[in-house]
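[1] Got a predicted model here, sequence first, then my questions.
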Amino acid sequence: MNSVNYKYLLLIWLISNTLLSATIVKYVASVGIMDNPNQRSSHTFPIPKGGGIGIISAFLTANISFIYLFNQHYSLSIIGLLSIITFISLFSWLDDIKQWSALSKLAIQFIASVSVCIFVFPASFLENHLYLLPFFIIWLVYITNAYNFMDGLNGLAAGVAAICCLFIYFYSTNLENKIFALSLLTGLLGFLPFNFPKAEIFMGDVGSQACGLILASFAIIPLGTAINSDFVTLISQNVIIFFLLFGFIFDVTFTLIRRIINKEPYLQAHRSHLYQMAHRSHISPILITFIECLFCIWGGFLFYIFPLTSLQNIELACSLLILPQLIWTLFILYKTQSLNIKKW
């Protein structure tokens, strides 16, 4: 296939999968399960949820059709990852309907995360680097949870995920990551017009948990396909998703630590994440989403201009990564105090 035909076929592939996502999202919005406001919600009236069905359906279809159209090899890791994402999506959709406990979600996330590691890493890697497995599992579970927690404002989770996919596609040297990034992007582009700036539908757990697991996997997948490379160098080259999602990671970690210190039930739904406090402080949800997207872009920019090849670069990149989060946190603290919002 020559380059011109390849580009046209790729464009058709992108558009068709985006339209597939939009069609499914629109249908689910018309018949979907309603998300009734609760103590965690930022909305005040019922809105359909389950838009993530369109995102993940397009993601799975895009992956399978890409492999077929562009003569890619069906590797065991790809089949395994797609199966795991299907599994967690089905569970999360049932959770959207039945509202299972937080511990049930955590157990499924743990099973899915362990399965990702089993499929991604060959047996020889697991035998020689078994001590690293708990860190990878914690990373996958934490990001999956964090993404679920941060899915609370119009366009927030989907917008940040779309930016992550673009950065991963252009910066990653791993083919599986590139395919996954483009495939997820088609699903997100089909969903976003129904969720931002006005929400006709939410992605629900079926979207946020699956997206979180996919994004977290971007840091894991390259490690399993290049195990003979220098491991430290390999990790430093593939932590871009940490930089991109640092705004979410900081928000969730800050909130978790604060709730533990205050002896508040951290598994219980609440509205005390930084982005939620910003919204409760009368900051426009569109502006909050825009700021969080800028944090994501900033993380990608820092990763690009400061290669993590020296201690000096690592220190500088991390300092510049944390600084905007500290400023944002102090600003929200000021806003909540000035408005006398005592209940976090």
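    Noted; the coordinates are in hand.
[2] count of neighbours near residue 328?
    20 (other Cβ atoms under 10 Å). The way it works is simple: take the backbone N, C-alpha and C, and place the C-beta from them, glycine included.
[3] List the contacts of it.
    274, 291, 295 (Cβ atoms under 8 Å, 6 or more residues apart in numbering).
[4] Please identify the helix or strand for the closest residue to the first one other than its chain neighbours.
    Closest residue to residue 274 apart from its sequence neighbours, by Cβ to Cβ, 6 or more residues apart in numbering: residue 251 at 4.6 Å. With secondary structure defined by DSSP states H and E, residue 251 is part of helix 246-261.
[5] in that helix, what counts as buried?
    Using 16 or more other Cβ atoms under 10 Å as the test for burial, helix 246-261 gives 246, 247, 248, 249, 250, 251, 252, 255, 256, 259.
[6] Can you tell me which of the contacts of residue 328 end up in helices?
    274, 291, 295 (DSSP state H).
[7] tell me the secondary structure for residue 196?
    At residue 196, secondary structure determined by DSSP: H, G, I helix; E, B strand; the rest coil is coil.
[8] what about the residue lying closest to it once chain neighbours are set aside, neighbour count?
    Closest residue to residue 196 apart from its sequence neighbours, by Cβ to Cβ, 6+ apart: residue 155 at 2.9 Å. As a burial measure, residue 155 scores 23 neighbours (other Cβ under 10 Å).
[9] what do you get for residue 101?
    Neighbour count of residue 101, defined by other Cβ under 10 Å: 10.
[10] With respect to residue 336, which of the ones in helices among the contacts of residue 328 is nearest?
    Set against residue 336, the nearest of those by Cβ to Cβ is residue 274 (10.0 Å).
[11] Make sure the closest one is actually in contact with residue 256.
    No: applying Cβ atoms under 8 Å as the test, residue 274 and residue 256 come out as separate, 11.6 Å apart.
[12] Check the gap between residue 57 and residue 106 for me.
    Taking Cβ to Cβ, to the nearest Å as the measure, residue 57 falls 25 Å from residue 106.
[13] Show me the residue sitting in the middle of the chain in space.
    The centroid of the chain falls nearest to residue 212 when counting by Cα atoms, centre = their mean (3.4 Å).
[14] Model confidence for that residue, exactly?
    Listed pLDDT for residue 212 reads 96.
[15] Isn't residue 69 up against residue 8?
    No: Residue 69 lies out of contact with residue 8 (Cβ under 8 Å); the separation is 11.5 Å.
[16] Comparing those two, which residue is more hemmed in?
    residue 69 (14 against 10).
[17] what element comes up after the host helix or strand of residue 180 heading to the C-terminus?
    Here residue 180 sits within helix 175-191, counting by DSSP H and E. Next along the chain after helix 175-191, taking DSSP H and E as the criterion, comes helix 204-217.
[18] So which elements touch that next one?
    The contact analysis (3 or more Cβ pairs under 8 Å, 6 or more residues apart in numbering; DSSP states H and E) places helix 204-217 against helix 52-69, helix 76-98, helix 102-120, helix 133-150, helix 156-171, helix 175-191.
[19] Which other helices and strands does the first one contact?
    The one in question is helix 52-69. Helix 52-69 packs on helix 3-31, helix 76-98, helix 175-191, helix 204-217, going by 3+ Cβ pairs under 8 Å, 6+ apart.
[20] contacting residues for the residue nearest to the centre of the chain?
    Counted by Cβ under 8 Å, 6+ apart, residue 212 has contacts 143, 144, 145, 146, 147, 148.
[21] residue ranges with poor pLDDT in the stretch 201-344 of the chain?
    Within the stretch 201-344 of the chain, the segments meeting pLDDT under 70 span 225-237, 266-267, 342-344.
[22] ok, 80 please
    223-238, 265-271, 340-344 (pLDDT under 80).
[23] same thing with the stretch 1-150 of the chain?
    In the stretch 1-150 of the chain, residues with pLDDT under 80: 1-6, 32-46, 70-76, 122-129.
[24] sorry, back to before: okay, the helices and strands packed on helix 52-69 in CSV with distance to residue 299 next?
    Below are those laid out as CSV (distance: least, Cβ to Cβ, whole Å):
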stretch, distance to residue 299
helix 3-31, 25
helix 76-98, 24
helix 175-191, 16
helix 204-217, 13
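[25] Run a quick neighbour tally on the nearest residue to residue 219 once chain neighbours are set aside.
    Once flanking residues are discounted, residue 219 sits nearest to residue 241: 4.9 Å by Cβ to Cβ, 6+ apart. Residues lying near residue 241 (other Cβ under 10 Å) number 24.
[26] other SSEs contacting the helix or strand harbouring residue 241?
    Assessed by DSSP H and E, residue 241 sits inside helix 240-244. Helix 240-244 sits against helix 156-171, helix 285-305, with contacts defined as 3+ Cβ pairs under 8 Å, 6+ apart.
[27] As a markdown table, those helices with distance to residue 118 and mean neighbour count would be great.
    What follows is these, written out as a markdown table (distance: least, Cβ to Cβ, whole Å; neighbours: other Cβ atoms under 10 Å):
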| stretch | distance to residue 118 | mean neighbour count |
| --- | --- | --- |
| helix 156-171 | 23 | 22 |
| helix 285-305 | 28 | 18 |
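[28] measure residue 238 to residue 219 for me?
    From residue 238 across to residue 219, the span is 5 Å (Cβ to Cβ).
[29] now swap in residue 197 and tell me
    Where residue 219 is concerned, residue 197 sits at a distance of 31 Å (Cβ to Cβ).
[30] Having no further points to raise, I will conclude here.
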